[in-house]
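Enquirer: Prediction below, plus the sequence it came from.
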Amino acid sequence: MEVLKYIFGGNNFEWWIKIYFILISTAVVFVSINLALGIYDKWEDTPVIIGISSTMTPIDQIPFPAITVCNMNQAKKSKVEHLIPGSLGYAMLQKTCYKDTNYSQYMQNKHTNETFPNFIKDISEKCEDLIVSCTFHQEKIPCSDIFREIFVDEGLCCIFNFLHPYYLYKFRSPYIRDYTSSDRFADIAVDWDPISGYPKRLPSSYYPRPGVGVGTAMGLQIILNGHVDDYFCSSTNGQGFKVLLYNPIDQPRLKESGLPVRIGHQTSFRIIARSTEALPNIRNIHRTKRQCIFSDEQELLFYRYYTRRNCEAECDSLFFLRWCNCIPYYLPLIYPNSSICDVVHFDCLNKAELKIFDINITQCKELCLTSCHDLIFFPDAFTTPFSQKNVKSKSDYLQNLSSDYIRQNLAVVNFYHTDNYFRSSVRTSYTGPTEYMALTGGIMSLMIGFSVIFIAEIMYITILIVSMLLYLMF
């Protein structure tokens, strides 16, 4: 306000002094307003920053990764070699083995018991035959107690440490398998999610099982049997297995993300855990600007917990339901009365798979932002071939097998953590209201001496001038 006396000081100052301070005042106000607008634009364009948590998270507070194991062999030779061309089973076999054929002749040939999921279950290798030895946390465990069968995009596979369907899905489906062992010593299923974590009260033995320590001894070791002589068709051009490590509440997608495991080799996956968190102060920022979604902000049709992968899986289900009026067996059954795709839908499925990136599904998946709270596992893999002489292992399963059979059919896989602790990434607001006022107020104060008192003075002078004008007019 001091500068105004030089401008409106009447005849006390020369004209050039008034012009000088008018120019200075105009320039200062212009610059300060532009700087303040720059801060506002930065606040709008970059409302969220990602930093590193100041505290370390121990691995025993998060689940050991969910692990899906698949045999690349899509059908056992002993189960399908009797199928006759032209039969319904033969048509399903062509689809299973990714072979082109004309399915129109089967449009009216529909049998209740010969559904595609049942066919895949019948011709695929069972988990007890695929995974022949399991050791977890230095304890040898029956594989049937910790692995369960699950339908994924690679067929019937085996899954470990997955959240129980009761906690993950909103309703049951005829093709959702039960993940609870019938053994009386089986672990008890508990709930878990990235925000709340485990329940406060836990049983002595439960799953999803947490990490315990580092190194191969404290991880999971499995021995896989590929039964090479029973191969009929592979999901790739070779023999072996696929594995995937992921969040226990996620939808597994083996085709895009599965990692190969070679027969005749020992493969080790060093687990690198990464989690993201979000502070509550970003909730009032629109999701498109913070680029993440809190789990209670968007409800899914089939899953109880929101993740980007679950959301995208539901988009795929909606796409196939729209195109073919059915949902493939490996995708979430988003509506309880939806039909599972069968032979009569195969021609439509093949056409739809070629148009999987149409505008509707693209728009749907664009809305599937990442979770504000998430847990991701990055596997660092390395592999070594078995010895040409004697294959050594602590497992009793290998004791009665020849070295040639082991090298031609088996694979040993290790999964283990390398660190007891890890740091999370934290999303927080870049500039809150307090910080914005401090930055803007600092600029305005520096440039023009702006303050709350300054506003009061302006209001006082404005009221005074208006009052004087009214007095002169009336």
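Expert: Yep, it's here.
Enquirer: In the stretch 101-250 of the chain, where is pLDDT below threshold?
Expert: Applying pLDDT under 70 to the stretch 101-250 of the chain flags residues 106-113, 172-186.
Enquirer: all helices of it, in order?
Expert: 116-123, 127-130, 143-146, 165-168 (DSSP state H, counting those that start in this stretch).
Enquirer: which residues touch stretch 212-220?
Expert: Here stretch 212-220 makes contact (C-beta atoms under 8 Å, 6 or more residues apart in numbering) with 59-60, 64, 67, 134-138, 160, 211, 268, 271, 414-420. C-beta here means a position set from N, CA and C on the backbone, and glycine is covered the same way.
Enquirer: Please apply the same query to stretch 299-307.
Expert: 167-171, 193, 247, 249-251, 293, 295, 297-298, 310-311, 314, 317, 332-335, 371, 374.
Enquirer: What are the buried residues along that stretch?
Expert: For stretch 299-307, burial by neighbour count (16 or more other C-beta atoms under 10 Å) applies to 300, 302-307.
Enquirer: I'd like the next helix or strand past the lengthiest helix in the chain.
Expert: The residue-count maximum for a helix in the chain (DSSP state H) belongs to helix 15-45. Sequence-wise, the next helix or strand downstream of helix 15-45 (DSSP states H and E) is strand 48-58.
Enquirer: other SSEs contacting whichever helix or strand comes after that following strand?
Expert: Elements were assigned by DSSP H and E; along the chain past strand 48-58, the next helix or strand is strand 66-71. Packing partners of strand 66-71 (3 or more C-beta pairs under 8 Å, 6 or more residues apart in numbering; DSSP states H and E): strand 147-152, strand 155-160, strand 220-225, strand 241-246.
Enquirer: between strand 66-71 and strand 241-246, how many degrees?
Expert: Relative orientation of strand 66-71 versus strand 241-246 (axes from the mean of the first three to the mean of the last three C-alpha atoms, to 10 degrees): 170 degrees.
Enquirer: Mind listing the strands strand 66-71 pairs with, and their directions?
Expert: Sheet partners assigned to strand 66-71 using DSSP bridges are listed as strand 155-160 (antiparallel), strand 241-246 (antiparallel).
Enquirer: Check which residues of whichever strand or helix holds residue 90 are buried.
Expert: Assigning secondary structure by DSSP H and E places residue 90 in helix 88-96. For helix 88-96, the neighbour count (16+ other C-beta under 10 Å) marks 88-89, 91-96 as buried.
Enquirer: Keeping just the C-alphas, turn that helix into CSV.
Expert: The C-alpha trace of helix 88-96 is given here as CSV (Å, rounded to 0.1, in the frame of the first residue of the first chain):
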residue,chain,number,x,y,z
LEU,A,88,-17.3,-83.7,-30.5
GLY,A,89,-14.2,-84.6,-28.5
TYR,A,90,-12.0,-84.3,-31.5
ALA,A,91,-13.4,-80.8,-32.2
MET,A,92,-12.6,-79.8,-28.6
LEU,A,93,-9.1,-81.2,-29.0
GLN,A,94,-8.5,-79.0,-32.1
LYS,A,95,-9.5,-75.9,-30.0
THR,A,96,-7.3,-77.1,-27.1
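Enquirer: Phi, psi for residue 211 please.
Expert: When read as degrees, to the nearest 10, the backbone of residue 211 gives phi -70, psi 150.
Enquirer: which residues touch it?
Expert: Contacts of residue 211 by C-beta under 8 Å, 6+ apart are 59-60, 62-64, 218, 273, 417.
Enquirer: thinking again about what came up before, show the average pLDDT along the helix holding residue 90.
Expert: Mean pLDDT, computed over helix 88-96, is 88.
Enquirer: Repeat that for stretch 316-323.
Expert: 92.
Enquirer: what's the offset of it from the middle of its chain?
Expert: Chain-centre distance of stretch 316-323: 21 Å, with C-alpha atoms, centre = their mean, to the nearest Å.
Enquirer: go on, stretch 218-236?
Expert: Worked out by C-alpha atoms, centre = their mean, stretch 218-236 lies 26 Å from the chain centre.
Enquirer: that older thread, are any of the contacts of stretch 212-220 buried, and if so which?
Expert: Looks like the contacts of stretch 212-220 have 59, 64, 67, 134-136, 160, 211, 268, 271, 414-417 buried, using 16+ other C-beta under 10 Å.
Enquirer: What is the neighbour count of residue 104?
Expert: 10 (other C-beta atoms under 10 Å).
Enquirer: contacting residues around it?
Expert: residue 347.
Enquirer: do residue 427 as well
Expert: 48-50, 276-279, 282, 290, 292, 372.
Enquirer: Pipe those into JSON lines and attach distance to residue 402 and pLDDT per row.
Expert: Below are those laid out as JSON lines (distance: C-beta to C-beta, whole Å; pLDDT from 0 to 100):
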{"residue": "48", "distance to residue 402": "59", "pLDDT": "81"}
{"residue": "49", "distance to residue 402": "59", "pLDDT": "80"}
{"residue": "50", "distance to residue 402": "54", "pLDDT": "83"}
{"residue": "276", "distance to residue 402": "49", "pLDDT": "91"}
{"residue": "277", "distance to residue 402": "52", "pLDDT": "90"}
{"residue": "278", "distance to residue 402": "55", "pLDDT": "89"}
{"residue": "279", "distance to residue 402": "59", "pLDDT": "87"}
{"residue": "282", "distance to residue 402": "60", "pLDDT": "85"}
{"residue": "290", "distance to residue 402": "59", "pLDDT": "85"}
{"residue": "292", "distance to residue 402": "54", "pLDDT": "90"}
{"residue": "372", "distance to residue 402": "54", "pLDDT": "90"}
